[in-house]
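Trainee: fold the following, please.
(3 chains)
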Amino acid sequence: MKKTSNFFDKVYDVVKQIPFGRVTSYGSIAKFLGSPQSSRAVGYAMNASHKNPDIPAHRVVNRIGLLTGKHHFDGSNLMKDLLVNEGVIVKINQVQDFEKIFWDPVEEL
DNA sequence: GATATGACCGCTG
DNA sequence: CCAGCGGCCATAT
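Mentor: Residues are numbered from 1 along each chain as shown, chains lettered A, B, ... in the order given. Purely as a prediction, here's the structure:
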(Lines give C-alpha, C1' and ligand atoms only; values in the text may rest on other atoms or scores of the structure.)
Protein backbone atom coordinates (compact mmCIF):
# COMPACT_ATOMS: atom_id res chain seq x y z
CA MET A 1 0.00 0.00 0.00
CA LYS A 2 1.03 3.46 -0.32
CA LYS A 3 4.23 4.15 -2.19
CA THR A 4 5.19 0.60 -1.69
CA SER A 5 7.87 -0.91 -3.54
CA ASN A 6 8.20 1.27 -6.48
CA PHE A 7 11.32 -0.68 -7.05
CA PHE A 8 9.78 -4.00 -6.17
CA ASP A 9 6.89 -3.36 -8.47
CA LYS A 10 9.20 -2.95 -11.41
CA VAL A 11 11.20 -5.99 -10.41
CA TYR A 12 8.09 -8.11 -10.24
CA ASP A 13 6.92 -6.75 -13.53
CA VAL A 14 10.17 -7.64 -15.26
CA VAL A 15 10.52 -11.04 -13.64
CA LYS A 16 6.98 -11.92 -14.64
CA GLN A 17 7.87 -11.05 -18.20
CA ILE A 18 10.77 -13.46 -18.31
CA PRO A 19 10.15 -15.87 -21.19
CA PHE A 20 9.84 -19.58 -20.62
CA GLY A 21 13.13 -21.41 -20.36
CA ARG A 22 15.03 -18.17 -19.85
CA VAL A 23 16.87 -16.71 -16.89
CA THR A 24 18.24 -13.35 -15.89
CA SER A 25 20.47 -11.82 -13.27
CA TYR A 26 19.71 -9.46 -10.40
CA GLY A 27 22.16 -6.88 -11.68
CA SER A 28 20.55 -6.80 -15.11
CA ILE A 29 17.15 -6.19 -13.63
CA ALA A 30 18.51 -3.51 -11.33
CA LYS A 31 20.25 -1.94 -14.28
CA PHE A 32 17.04 -1.99 -16.25
CA LEU A 33 15.33 -0.22 -13.40
CA GLY A 34 17.94 2.48 -13.59
CA SER A 35 20.02 1.49 -10.58
CA PRO A 36 22.70 -1.03 -11.55
CA GLN A 37 24.00 -1.03 -7.97
CA SER A 38 20.68 -1.86 -6.41
CA SER A 39 21.01 -5.54 -7.11
CA ARG A 40 20.52 -6.14 -3.43
CA ALA A 41 17.12 -4.56 -3.50
CA VAL A 42 16.24 -6.88 -6.36
CA GLY A 43 17.37 -9.84 -4.33
CA TYR A 44 15.26 -8.69 -1.44
CA ALA A 45 12.33 -8.32 -3.78
CA MET A 46 12.73 -11.97 -4.59
CA ASN A 47 12.68 -12.72 -0.91
CA ALA A 48 9.33 -11.02 -0.68
CA SER A 49 8.26 -12.80 -3.86
CA HIS A 50 7.07 -15.61 -1.69
CA LYS A 51 3.92 -13.65 -1.17
CA ASN A 52 3.78 -13.09 -4.91
CA PRO A 53 3.28 -16.55 -6.47
CA ASP A 54 3.37 -14.95 -9.88
CA ILE A 55 7.03 -14.21 -9.47
CA PRO A 56 9.15 -16.94 -11.06
CA ALA A 57 12.09 -16.16 -8.83
CA HIS A 58 13.65 -19.44 -9.88
CA ARG A 59 14.39 -17.78 -13.21
CA VAL A 60 16.41 -15.15 -11.46
CA VAL A 61 19.96 -15.97 -10.52
CA ASN A 62 23.12 -14.04 -9.90
CA ARG A 63 25.38 -12.85 -12.67
CA ILE A 64 27.21 -16.14 -12.91
CA GLY A 65 24.08 -18.25 -13.08
CA LEU A 66 24.59 -19.54 -9.59
CA LEU A 67 21.42 -20.50 -7.74
CA THR A 68 22.25 -18.41 -4.72
CA GLY A 69 18.66 -18.26 -3.59
CA LYS A 70 17.78 -21.89 -3.83
CA HIS A 71 17.96 -21.81 -0.09
CA HIS A 72 14.91 -19.59 0.06
CA PHE A 73 12.64 -21.73 -2.05
CA ASP A 74 11.89 -25.05 -0.56
CA GLY A 75 15.32 -25.48 0.86
CA SER A 76 16.14 -28.16 -1.65
CA ASN A 77 16.59 -28.56 -5.36
CA LEU A 78 13.17 -27.15 -6.08
CA MET A 79 14.68 -24.20 -7.86
CA LYS A 80 16.89 -26.48 -9.91
CA ASP A 81 13.99 -28.74 -10.65
CA LEU A 82 11.86 -25.87 -11.84
CA LEU A 83 14.53 -24.65 -14.21
CA VAL A 84 15.25 -28.12 -15.50
CA ASN A 85 11.54 -28.57 -15.92
CA GLU A 86 11.59 -25.61 -18.28
CA GLY A 87 14.38 -27.11 -20.31
CA VAL A 88 17.15 -25.25 -18.58
CA ILE A 89 20.23 -27.28 -17.90
CA VAL A 90 21.17 -26.81 -14.28
CA LYS A 91 23.82 -28.39 -12.14
CA ILE A 92 24.25 -28.24 -8.41
CA ASN A 93 23.61 -24.61 -7.63
CA GLN A 94 24.68 -23.52 -11.09
CA VAL A 95 23.00 -22.96 -14.43
CA GLN A 96 24.65 -24.35 -17.53
CA ASP A 97 24.61 -22.49 -20.83
CA PHE A 98 23.70 -19.48 -18.77
CA GLU A 99 24.90 -17.17 -21.52
CA LYS A 100 22.61 -18.86 -24.00
CA ILE A 101 19.46 -18.75 -21.92
CA PHE A 102 20.27 -15.41 -20.39
CA TRP A 103 17.44 -12.92 -20.94
CA ASP A 104 18.37 -9.30 -20.60
CA PRO A 105 15.40 -6.93 -20.04
CA VAL A 106 17.53 -3.98 -21.05
CA GLU A 107 17.93 -5.41 -24.52
CA GLU A 108 14.69 -7.32 -24.83
CA LEU A 109 12.59 -4.55 -23.44
C1' DG B 1 13.49 6.56 14.84
C1' DA B 2 17.86 4.08 14.21
C1' DT B 3 20.64 -0.05 13.41
C1' DA B 4 21.47 -4.37 11.17
C1' DT B 5 20.83 -7.62 7.52
C1' DG B 6 20.02 -9.58 2.84
C1' DA B 7 18.64 -14.34 -2.87
C1' DC B 8 24.13 -8.77 -5.36
C1' DC B 9 27.65 -6.32 -8.26
C1' DG B 10 31.85 -3.97 -9.26
C1' DC B 11 36.19 -1.96 -8.18
C1' DT B 12 40.56 -1.60 -5.72
C1' DG B 13 44.68 -3.49 -3.11
C1' DC C 1 44.76 -14.75 -8.25
C1' DC C 2 42.36 -13.91 -3.83
C1' DA C 3 40.42 -10.77 -0.31
C1' DG C 4 38.09 -6.71 1.27
C1' DC C 5 35.04 -2.62 0.95
C1' DG C 6 31.30 0.38 -0.60
C1' DG C 7 26.76 1.35 -2.65
C1' DC C 8 21.57 0.89 -3.34
C1' DC C 9 16.52 -0.47 -1.69
C1' DA C 10 13.41 -2.41 1.53
C1' DT C 11 12.20 -5.13 5.65
C1' DA C 12 12.82 -6.65 10.48
C1' DT C 13 14.04 -5.84 15.33
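Trainee: give me the residue from chain A nearest DNA strand B.
Mentor: Per C-beta to the nearest atom of the strand, A:Gly69 is where chain A lies closest to DNA strand B, at 1.9 Å. Placement of C-beta: from N, CA and C, glycine included.
Trainee: check contacts around the closest residue to that residue other than its chain neighbours.
Mentor: Excluding the flanking residues, the one nearest A:Gly69 by C-beta to C-beta, 6 or more residues apart in numbering is A:Met46, at 6.0 Å. With contacts defined as C-beta atoms under 8 Å, 6 or more residues apart in numbering, A:Met46 is in contact with A:Val11, A:Val15, A:Tyr26, A:Ile55, A:Ala57, A:Val60, A:Gly69, A:His72.
Trainee: recalculate using a threshold of 7 Å.
Mentor: A:Ala57, A:Val60, A:Gly69 (C-beta atoms under 7 Å, 6 or more residues apart in numbering).
Trainee: how much space separates the second one from A:Thr24?
Mentor: A:Val60 sits at a distance of 6 Å from A:Thr24 (criterion: C-beta to C-beta, to the nearest Å).
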